[in-house]
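# would you be able to build a 3D model of this:
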Amino acid sequence: MPEQDKKDERERDIAVNRRAYHDYFIDEKLEAGIMLTGTEVKSVRNGRANLRDGFVRIDGNEAWLENVHISPYAQANLMNHEPLRPRKLLLHRKEISSLIGKVRQKGYTLIPLRMYFSRNHAKVEVGLARGKKQYDKREAIAERDAKREIARAMRRH
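Okay, here's the model as predicted:
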């Protein structure tokens, strides 16, 4: 089996926060485990997660994923989970302490970039991000359009 197929088998994206790349400059990325309940895992396996408004809050020596919507599992009964509850991220203490120092700098925040399964463990890719100004967003859109035009011209010739 080729190496790429093995990687695809191990990592399967559930949710991707495309909006984050539009609204922020991503300076650094790191992988974190996430503590989920049983019904959350089943719902996530069905692809029912939304990272759009999510952020990471560091509280003491713990990191919490806030405002991420995981839909209730349809087949669950009274024991279903709360869709927007805070979920604990599993990071090493050294990683958390380094993130605390970086987030204290002006303009930095932690946002979830994607949620995926890696060897049957739910993981979240967290990005250390700086907010973009409006002119930065317009510049990025113009650059993307220019690349698209170049690609079209290359295909035509």
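# which helix or strand contains the residue nearest the centre of the chain?
Within the chain, one residue has its C-alpha closest to the average C-alpha position: by CA atoms, centre = their mean, that is Leu113, at 2.3 Å. For Leu113, the host element (DSSP states H and E) is strand 108-118.
# Ala63 too?
Element membership for Ala63, per DSSP H and E: strand 62-66.
# give me the contacts around that strand.
With CB atoms under 8 Å, 6 or more residues apart in numbering as the test, strand 62-66 has contacts from 32, 34, 54-58, 86-89, 91, 96, 99, 110, 112, 124, 126. C-betas here are computed from N, CA, C, even on glycine.
# in its sheet, what does it sit against?
Strand pairing for strand 62-66, determined by DSSP bridges: strand 55-59 (antiparallel), strand 87-90 (antiparallel).
# look up the closest residue to Glu95, ignoring the ones flanking it.
Leu30 (6.5 Å; CB to CB, 6 or more residues apart in numbering).
# tally of neighbours for that neighbour?
Other residues lying near Leu30 total 17 when counted by other CB atoms under 10 Å.
# for whatever helix or strand it lives in, packing partners?
Using DSSP H and E, Leu30 sits within strand 24-34. Taking 3 or more CB pairs under 8 Å, 6 or more residues apart in numbering; DSSP states H and E as contact, the helices and strands that strand 24-34 lies on are strand 87-90, helix 93-103, strand 108-118, strand 121-131.
# quick check: mean pLDDT across stretch 42-56?
Averaged across stretch 42-56, the pLDDT comes to 86.
# from now on call the first residue 457
Happy to do that; since the first residue is 457 now, the last one works out to stretch 498-512.
# quick one: that stretch to chain centroid distance?
Distance of stretch 498-512 from its chain centroid, counting by CA atoms, centre = their mean, to the nearest Å, is 9 Å.
# list the buried ones in that stretch?
498-500, 504-507, 510-512 (16 or more other CB atoms under 10 Å).
# looking at the strands paired with strand 518-522, which is buried most?
Highest mean neighbour count of the strands paired with strand 518-522: strand 543-546, a mean of 19 (counted as mean count of other CB atoms under 10 Å).
# before we move on, the earlier item: for the strand holding Leu486, buried residues please.
480, 486, 488, 490.
# again with stretch 517-536
By neighbour count on 16+ other CB under 10 Å, the buried set for stretch 517-536 is 519, 521, 523-524, 526-527, 529, 536.
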